[in-house]
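# I would like the atomic coordinates for the input below:
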Amino acid sequence: MGNIGIPRDALTPILQMLIAGKFNFVLMRGSRFRHRSAKVNSLRLEAKLTEDDVALEKESAA
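Purely as a prediction, here's the structure:
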């Protein structure tokens with residue numbers, strides 16, 4: 001559970017793409033979870049994962 005600030009001018013296109021089912025992934029970067037919480041530094045909505053995204057996931061799991 002959390003709150004994410006979104007610039008007002010970006011909200012309409014984001015909602016339109018969410019409704020159209022264009023976003024499949026939410027990529028977040030931040031600190032590791034500790035006691036069911038973490039600080040998120042960045043957030044991206046993506047239609048597909050790239051090889052770089054998968055590599056980052058493997059690095060953070062190690």
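# Now do the helices in the chain.
Here the chain has its helices, by DSSP state H, at 8-19, 51-61.
# Lowest average confidence across the ones you listed, which one?
Across the helices of the chain, helix 51-61 has the smallest mean pLDDT, namely a mean of 66.
# Counting neighbours, what do you get for Leu27?
Around Leu27 there are 14 other residues, counting by other Cβ atoms under 10 Å. C-beta coordinates here come from the backbone N, C-alpha and C atoms, glycine included.
# which residue packs closest to it, ignoring adjacent ones?
Arg44 (4.5 Å; Cβ to Cβ, 6 or more residues apart in numbering).
# Leu49 now?
Phe25 (5.9 Å).
# pLDDT at that neighbour, what is it?
At Phe25, pLDDT is 85.
# Just give the number of residues close to it.
Count around Phe25 with other Cβ under 10 Å applied: 11.
# what does Arg8 give?
6.
# try Phe23
Neighbour number of Phe23 under other Cβ under 10 Å is 14.
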